[in-house]
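Engineer: coords below, sequence missing:
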């Protein structure tokens, strides 16, 4: 009986997490200027360095085991922060896509739908990635495979740029919160 209760509770918590991720907490930005204000800039190249398998192998060879574990734990915690920031941005982009979905222009509405779908998919993948990273923190031998979070974020933000240009048809309507180039 207790196991059944725990499983039912875990199912409800999982459903609540999926619904929370799908909707997000952000207010829908009314325009690109508000979108810029709400989003946090993210350095994708720095994130890629944190999860690079080659860097991990280099550190594993260069450092003593205890030093490597401490450095790797710090790197994984930083990667979790990057993914959390990207997930918050995706919640804002989801709301922006939902707002664009109601546009009378069919191409803007279709792009808004794609953006909203990509944002939801990204947030679910980000949750999975954070869980893997936290597991890697607990189990030092578990390597962190190259994850497609950075690519997913770049695709999503490129879609925002495209959507903004379609909606406003101004050359200066591009968004400055796209992945930062190093």
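Structural biologist: Yes, it's here. Being a predicted model, the structure only gives us computed values, none of them experimental.

Engineer: Beyond the helix or strand bottoming out on mean pLDDT in the chain, next helix or strand please.
Structural biologist: Among the helices and strands of the chain, helix 32-38 carries the lowest confidence by mean pLDDT, DSSP states H and E, at a mean of 67. Next helix or strand after helix 32-38 toward the C-terminus (DSSP states H and E): helix 44-50.

Engineer: show me where this structure has strands.
Structural biologist: Secondary structure of the chain by DSSP state E: no strands are present.

Engineer: can you list the weak-confidence ranges in it?
Structural biologist: Counting by pLDDT under 70, the chain shows low-confidence ranges at 15, 17-36, 140-147, 164-182.

Engineer: ok, which stretches of it are helices?
Structural biologist: For the chain, the helices defined by DSSP state H occupy 2-23, 32-38, 44-50, 53-62, 65-101, 106-138, 149-168.

Engineer: Report the angle between the longest one and helix 149-168.
Structural biologist: Helix 65-101 and helix 149-168 are oriented at 20 degrees to each other (axes from the mean of the first three to the mean of the last three Cα atoms, to 10 degrees).

Engineer: Give the buried residues for helix 65-101.
Structural biologist: By neighbour count on 16 or more other Cβ atoms under 10 Å, the buried set for helix 65-101 is 68, 72, 75-76, 78-80, 82-83, 85-101. Glycine gets a C-beta too; all of them are placed from N, C-alpha and C.

Engineer: Residue 121 and residue 128: what is the separation?
Structural biologist: 11 Å (Cβ to Cβ, to the nearest Å).

Engineer: Which residues are in contact with the closest residue to residue 98 other than its chain neighbours?
Structural biologist: Among residues not flanking residue 98 along the chain, residue 116 sits closest, at 5.1 Å (Cβ to Cβ, 6 or more residues apart in numbering). Neighbouring residues of residue 116 by Cβ atoms under 8 Å, 6 or more residues apart in numbering: 94, 97-98, 101.

Engineer: Go again with 10 Å.
Structural biologist: 22, 93-101 (Cβ atoms under 10 Å, 6 or more residues apart in numbering).

Engineer: now, the most widely separated pair of those residues?
Structural biologist: 22 and 100 (16.9 Å; Cβ to Cβ).

Engineer: What is the neighbour count of residue 154?
Structural biologist: 13 (other Cβ atoms under 10 Å).

Engineer: That one and residue 100, how far apart?
Structural biologist: Distance from residue 154 to residue 100, by Cβ to Cβ: 19 Å.

Engineer: go on, residue 150?
Structural biologist: 24 Å.

Engineer: Could you do residue 109 as well?
Structural biologist: Distance from residue 109 to residue 100, by Cβ to Cβ: 7 Å.
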